[in-house]
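Visitor: Predicted model and sequence below, questions to follow.
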Amino acid sequence: MTDTDKLEQYINDTFSKIIDAQGRPLDVSLALPTLKQILTGYYQEIVSSKFDFIGESALQFAINLILVQRYSKYDNRILSLLAKKFRAPLQLYKQIGKQIQLNQYVRPTYLKEKMEMILGVLYYFYGIAAVQKFIEEAFVFFVENELNNASSPKKAKAPNSSDNNPVQTLYEMVKAGNGIVEISYLDTPDKKWQVNIIARLNEKSLLFSHARASGSKQKAKNEASRDILAFFANNPDVRRQLEISGDGNAETHALPISENDYCHLFDESTSIVNSRRALKTGDWDGENNCTHLTQDGHEEATLLLEKLLLSNNMDVDVDARQVKRQRQVPGTSVGTSNIANGTHPPSEKLAS
């Protein structure tokens, strides 16, 4: 068998497995000459067809179709975040190439270019259904991993364990996702210390915050940490939402913890799970240009971030250190924990 015969056999074996919109195997003969040119590198005659440009757009459309058909239970904002992860789809292309053993004809340097030309050819000759079926197995593999990671975070020790404390537990929870914790202090007019905790659960997830005031820095920090842990224990859906990547957007969002739900570690015994019903619903309040999650409503918890994701520029990736500098104001002291490096600031020594 000649090399040309082997190539034609490879093309037929690979692309005849794809089903068109009518549920029939593709008639590979329609695209065979074009696919041969692409895989052999002799495609000067088809450059003007712009198959790579068509393929790039067809990929994003096919991704959206798969998300809608397979994951319609999720809110549109969550689907948008998932789709955004594949705007630079090299890992997806590598997975597809591995599945169809494309490396025998395409060197890694040219994988993206060739893959997008192939997608363009599939769309041109067979329609979007062929593109969808071609990428579906690999794409679903990545999406399932992403959702599983968000839904099954590493469990930290219960914050009321005898060998643990709320601040340490919060650090450990954030460290599990390579996130960050920043703690700042401010003197209040009634001679108390107000602590503000700002954190993200992984490197590019959404920033959230919570503040408490007490007679000492340590007390305020412990009670604020316990409030956050209790809120996440009562509202696991909200925690999962916050773990989905927000691509490093810089806006900070106050957790909707009411004073009635505050933990008072030094006045009374408080359990991590209180009698308040779990937060299942929510809407948004943009009062004073501050976005706050509220506790009332009747929609699914996945809608909690809808307005946030609509209003933010999700394409901007802001360095967390820049966020810190922008937030720090005169009269405050800030302690930052770089969880990714496993370090804590000198002023933020954790209680033993």
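Guide: That came through fine. Numbering: from 1, shown residues only.
Visitor: in the stretch 51-200 of the chain, what spans have low per-residue confidence?
Guide: Where the stretch 51-200 of the chain drops to pLDDT under 70, the residues are 151-164.
Visitor: again, only using 90
Guide: 73-88, 108, 145-166, 171-180, 185, 187-192, 200 (pLDDT under 90).
Visitor: Which stretches in it count as helices?
Guide: Under the criterion DSSP state H, counting those that start in this stretch, the stretch 51-200 of the chain contains helices at 51-70, 76-84, 90-99, 111-126, 128-151, 166-175.
Visitor: between those helices, which gets nearest to Pro33?
Guide: Across the helices of the stretch 51-200 of the chain, Pro33 has its closest neighbour in helix 111-126 (10.2 Å, Cβ to Cβ). All C-beta spots, glycine's among them, are computed from the backbone N, C-alpha and C.
Visitor: coming back round to it: kindly reformat the helices of the stretch 51-200 of the chain as a markdown table and extend each row with mean neighbour count and distance to Trp193.
Guide: Below are these laid out as a markdown table (neighbours: other Cβ atoms under 10 Å; distance: least, Cβ to Cβ, whole Å):
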| stretch | mean neighbour count | distance to Trp193 |
| --- | --- | --- |
| helix 51-70 | 18 | 46 |
| helix 76-84 | 18 | 37 |
| helix 90-99 | 16 | 46 |
| helix 111-126 | 23 | 53 |
| helix 128-151 | 18 | 35 |
| helix 166-175 | 22 | 14 |
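Visitor: do you know which of these lies nearest Ala21?
Guide: Ala21 lies closest to helix 128-151 among the helices of the stretch 51-200 of the chain, at 4.0 Å (Cβ to Cβ).
Visitor: got the angle between that closest one and helix 51-70?
Guide: Inter-element angle recorded for helix 128-151 and helix 51-70: 60 degrees (by axes from the mean of the first three to the mean of the last three Cα atoms, to 10 degrees).
Visitor: same for helix 128-151, what does it pack against?
Guide: For helix 128-151, the packing partners by 3 or more Cβ pairs under 8 Å, 6 or more residues apart in numbering; DSSP states H and E come out as helix 51-70, helix 90-99, helix 111-126, helix 236-243.
Visitor: contacting residues around that helix?
Guide: 15, 18-21, 26, 55, 58-59, 61-63, 65-67, 70-71, 82, 85-86, 91-92, 95-96, 99, 118-119, 122-123, 240, 243-244 (Cβ atoms under 8 Å, 6 or more residues apart in numbering).
Visitor: rewinding a little: make CSV out of the helices and strands packed on helix 128-151 and add distance to Ser205.
Guide: Shown next, in CSV, are the helices and strands packed on helix 128-151 (distance: least, Cβ to Cβ, whole Å):
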stretch, distance to Ser205
helix 51-70, 20
helix 90-99, 19
helix 111-126, 27
helix 236-243, 6
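Visitor: so who does the closest residue to Leu170 other than its chain neighbours touch?
Guide: Spatial nearest neighbour of Leu170, excluding adjacent residues (Cβ to Cβ, 6 or more residues apart in numbering): Ser225 at 4.4 Å. Contacts for Ser225 (Cβ under 8 Å, 6+ apart) come out as 159, 166-167, 169-170, 197.
Visitor: what's the answer for Asp52, then?
Guide: For Asp52, the contacting residues are 113, 116-117, 120, by Cβ under 8 Å, 6+ apart.
Visitor: And Ala213, by the same measure?
Guide: 188, 192-195, 220 are the contacts of Ala213 under Cβ under 8 Å, 6+ apart.
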